[in-house]
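Trainee: need a 3D model of the sequence below.
(2 chains)
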Amino acid sequence: MAKLVRTKVEFEGHIREQEAVVEEDNLPVWTAEAALVEVGESRPRVDGPARVSGSAEYTQDVRLPGMLWTAILRSPHAHARISSIDVSVALEREGVFDVLTFKDTQSIPWYSDSFLLDRTLRFHGDEVACVAAVDEQTAQDALLDIRVTYETLHHVSSVNKAAEPTAPQIRPGRGPGSNRTTEPVTYSRGDVETAFASADVTVRGVYETSSALHNSFETHGSVARWEQDELTVWDSTQNIFGVRASLANRLSIPLSRVRVISRFMGGGFGSKNGLGKCTMLAAMISRRTGRPVRCVLDREAENLAAGHRPPTTVTVEMAAAADGTLAGIKLHSILSSGAYGDGGFQIGGPARELYQCKNVSTIQEAVYTNTGPGAAFRAPGYVAGTFALESTMDMLAERLGIDPMELRRKNYAAQNQSREMAYSQKHLLESYAEGARRIGWQDRRDPPGSPPRGKVRGMGMASQVWGGGGAPPSYALCRLNADGSFDVLTGTHDLGTGTKTVMTQIAAEELGVSVDRIHITIGDTLTCPYSLLSAGSLTVPSVGPTVRAAAADAKRQLLEIAGSIMDAPPDALSISDGTIHSGQGDGITVDEVAKRVGNYMIIGKGARGPNPSDVSVNTFGAQFAEVEVDCATGKIAVLRVVAAHEFGRVLNPLTLSSQIEGGVFQGMGYGVMEQRIVDESSGRVVNANLTEYKLPTMLDVPIVDSVFMGPPDEKANNTGAKGAGEPPIIPPAAAIANAVANAIGVRITRLPMTPQTVLEALETKRSEA
Amino acid sequence: MQDEVRGPGSVAIRITVNGREHPLEVEPRMTLLDAIRQKLNLTGSKRVCDSGACGACTMIVDGRAIYACMTLAIACDGASVTTIEGLSGEGELHPIQKAFVEKDGYQCGFCTPGQVLAAKALLDRNPHPSRDEIRRGMSGNLCRCGAYLKIIDSVSYAAELIAKAGE
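Mentor: Numbering: from 1, shown residues only, chains lettered A, B, ... in the order given. This is a model prediction of the structure:
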C-alpha cells in the first residue's frame, strides 16, 4: 500500500527532510549471514562488450536523418556587454539554418537573473550566439560571419578580490559592492571562544585550493528532435528526470511530451546534474527548424563553461588539551563558483562531523567572480574541507608530539554530533588499523629537522566522512517474458560507475536466476519509471533496494502461479539456478512457468522505502599515502595508497575497486597537478584544454590497495549496500599533503602541490633556518 | 604526391577502412577522425581533446597507432586504417577486447576504443611486454575515470590470451 511519509535525506552534506510516496518494503534485509550467490561476485560489466567494441552509442554518436550541427560563439571577454550583434551574413551562408542570439531568448530565464543567452557576458566563454547548419564545418565557418561589438566591463576573477566592497558588480539585482551569493552560512555548537581561551594549545592553518575541471571525457551535449508536439532529447546527463522537468517547464509543455534518453555516458562527476544550455539551445532550434539538432561542446567550451570545482580559501583553527583531546574547531571558508553558481557547498561538513568535539563553529561564504559557472564535482565541499581539516590535524599532532593516527583515534566521533544521532554503523577505527598495517605505518619516520636534499620519502594519512545512505523516491519494474528472460527497468544512470551491472546482479540474486537471463534498461524517461539523479553517492543505496523490491514482487507472482501448477503453497516454494523447488521432487524451471504464462505478463513493481529515522547512515574511510619528493625538482611522486573504506555490503568487488582507484587518482590529480589557470589581468582561462590542464597519466598514478571494511549495513536498506562514488576522492589530497610534510618537514598549504610550490616552500624554510 | 596542390574545397581521396575501400570527398582541413566519424558514421573512435593530448581517437594507420584528431584525412589518401569497429570479427571480440571486459579495464568507456587500439599497436610490436613496458607504451592514452591499473592488467592479460591462441 502506498503512503506519503517524511524522510530525512543526506545529499552532499546537506540534510533535508522531504515527503516521499513509499510503498511498504517488507523485504528482509540481506544480512551478513545471508547466503548470496550473485551479489558480491566480481562480475564483469554487463555492457562491457558494447563499450570495448565501439558500438555503445553515446549522445554525441547519435546520428539522425537531417540532423543539424551547431557551433557556439563565446565571449572573448571576462565581462562585457554586447553593444551590437549582426547575424545577417551568417544566415545567408549556404547550409546555415538558424542563428540564435540574446534577442531570441529573452523569454527564457536562466540562473536567477540571467537568460539562456544574455546581452551581458559574465565570463570568458559565456554564450553569445548559436549557429545551426548542415554540418559542423559550416556551422563553425558561420561563426566568423557574426559581427559583434562588445563594451568591455571591469572584471574580477579572484575570490578574495571579489569579496571586497569596491569589486565590480557581477550580477544585476544585487546591491553595488556585493558579490556575495548569500549571507554567510553559519553553524555552531558549544562555546568555541571559551574553549579556545582555555585550551593548552591552539593551531591555525590557512589553505588555498585550486579550481579543478571535471573533464569528463564525454563533454556536455544533446541531440534534440521534435516530432509533432513531442520532444525527444538524447543527453549526456546524470539526471534524466530533472532535465525532463526543466525542459517541460521552460518550453511550457507537459512532462508527458518530453522524453530524455541517456543510455551510455562518458563520465559526469557532478557536472551533469541538471539542464544544460546546450540542451535547451538544441531543443529551441529543433522546434524552430523542424530538424533534429545536435549541440555538443568541444573541449575548450567544456572547460570554460560547463563547470568546475570552486577554488577556496579555508582557515581552520583547532584548540586542544595537552593530551590531544580536541576542545574546539573553527572553520571559515570562502569560495567562488563563478558568475552563476550559488556556491552552497559544505566545506565545513568534515569539521562538524569527523571528530568528537563539543565546541565547533563553521562559517561558509561564497562570492561571484567573472569565471565560468561552478558545479558539484565529486564530493563537493568535502574535498577542500577535508584537505584543510586533516592538514590541521597533522599540525596539531606535530605540535603535541603525538602520532597523527593516534590523535585521530583519540578524537573518534562515536555518533553524528550535528544530528545528535547514532550512526547506523561505523568502522573507521578498523580502517585506521588495517590501513596502517598495510602501508607499514610503524616504519614511518619523523620529518627531517632541516630541509632535505635529494629524494626523500614520507607517509601520511587522512580520513573521510560522507553520506551515501541514499533516498526515496525511486521505482523499478521487473517483467517476465514468455521465454523466461526478465526485463528490469529503472530510470537511473550509469556514468561509468557500473550501475547496470550491480543492478543486474541484485535482480538475479533476488529472482534466483543467472545474470544472463536479465536485461536492464536505464536512462530513458519514457520506458523507465522515475529514479532520482545519480549524484551524492545515491545510486546504489537508492536504486539497489528498489530493483530488489521489483524483482521480489515479480518472484512473488511467479511463485503464486508456480504453486498452482505444482499444487503447492507459494510460500513453500523457492527459486535457485532458475528452477522452482518445493522441497519435494524435481521442481520446475522458470522457463517452463514462463511458457505456460505466455504473454500474460508478470510485472513486478518496486519502490525505495523510507530511510531509517533513528540513525544516521554514512560512509567512513581512511587513506594512507607514501610519497617520494625530489627536492631538486620539487616533483612529488605518489608511490602507494592504501584506501580502506566502509560502504556496507560490497555488491561487486571488481567494479568497486575500480571506483576507488579512480577516486584516488582524481584526488591525487587535485592534490598535485590539476588547476584551471585564470589570467587575472584579462580574466581569461589560459589552459581550457587537455594539453596544459594536467590530468594524471598512467605514469603518474600510484599502486592502490583497496580494502573494503565492515559488514553489510543492515540498518541502511534491504541490500545493506551504501554509495561509494564520492568517498574515495575525499582523503587523497590531504593524505598526500601530510605525507609530503612528513617527507620534507615543510607543510604545503596550497593546492595543487606543483613542483614550483614545493620548491618555494623548501626555499622559504631554508631561508628561515 | 607530396608536391601536388590539393584544395581548397573538397578533395577526392580513397581510404581503406577496416578492409573496405571508401572513396571520400573531404576538405583538406578535415581530420581523419572527423572523416571517419562524420562521413563514414563510424562513431566508435571518440573526439575528446581535439589536440593530440588524450588518445581517445587512436587509430592504426598502416600498422602504426596515430592520433586521428591530429592527422588530416587527405594525408591518409591510399592508406589502410583500422578503427575499433574493425578489431572484432563476426560478433566475436578480439582477445584484447575480451581482456578489457574481464579485467574491468575501463569505467565510462569513452577512452576505451583508443586504449584498445593503443594496446593492439603495442602488442603487435612487443607481444610480451612487462608491466613497466605497458605503462610506458600506453602512457599516451589518458583515462579520466582512472582505470589505469586495470588497463595494465587488461593489456597484460591480453598478451597471455593472444599467446595462448597462437599455440
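Trainee: would you map the strands across chain B?
Mentor: B:11-17, B:20-26, B:58-61, B:64-67, B:80-82 (DSSP state E).
Trainee: residues touching the closest residue to chain A within chain B, list them.
Mentor: Per C-beta to the nearest C-beta, B:Gly44 is where chain B lies closest to chain A, at 2.0 Å. For every residue, glycine as well, the C-beta is placed using N, CA and C. Residues near B:Gly44 by C-beta atoms under 8 Å, 6 or more residues apart in numbering or on different chains: A:53-55, B:83-85, B:113.
Trainee: out of those residues, who has the most neighbours?
Mentor: Highest neighbour count within the contacts of B:Gly44: B:Pro113, with 30 neighbours (other C-beta atoms under 10 Å in any protein chain shown).
Trainee: next, count neighbours for B:Gly166.
Mentor: Here the count is done by other C-beta under 10 Å, and B:Gly166 has 8 residues near it.
Trainee: on that earlier part again, ranking the strands of chain B by burial, who's on top?
Mentor: Most buried of those, by mean neighbour count (mean count of other C-beta atoms under 10 Å in any protein chain shown): strand B:58-61, with a mean of 24.
Trainee: give me the sheet partners of that strand and which way each runs.
Mentor: strand B:64-67 (antiparallel), strand B:80-82 (antiparallel) (DSSP bridges).
Trainee: and the stretch 151-300 of chain A, which of its residues are near chain B?
Mentor: A:215-219, A:264-267, A:298-299 (C-beta under 8 Å from any C-beta of the partner chain).
Trainee: and the residue lying closest to A:Val9 once chain neighbours are set aside, what element?
Mentor: Once flanking residues are discounted, A:Val9 sits nearest to A:Ala471: 4.0 Å by C-beta to C-beta, 6 or more residues apart in numbering or on different chains. For A:Ala471, there is no enclosing helix or strand under DSSP states H and E.
Trainee: returning to what we had before: among the strands of chain B, which is nearest A:Ser682?
Mentor: Among the strands of chain B, strand B:64-67 comes nearest to A:Ser682, with 30.3 Å by C-beta to C-beta.
Trainee: hmm, back to that, from the residues of the stretch 151-300 of chain A next to chain B, pick the one nearest A:Phe387.
Mentor: Closest approach to A:Phe387 among those (C-beta to C-beta): A:Asn215, at 19.8 Å.
Trainee: run through the residues that contact the residue nearest to that closest one when sequence neighbours are not counted.
Mentor: In this structure, A:Asn215 finds its nearest non-sequential neighbour in B:Arg144, 5.4 Å apart by C-beta to C-beta, 6+ apart. Residues counted as contacts of B:Arg144 (C-beta under 8 Å, 6+ apart) are A:215-217, A:267, A:666, A:695, B:108, B:111.
Trainee: next one: phi and psi at B:Arg144?
Mentor: Backbone torsions of B:Arg144, given as degrees, to the nearest 10, read phi -70, psi -30.
Trainee: where is the longest helix in the chain?
Mentor: By default, I'm working from chain A. helix A:539-566 (DSSP state H).
Trainee: switch to chain B, that's the one I care about
Mentor: If each helix of chain B is counted by residues according to DSSP H, the longest one is helix B:148-166.
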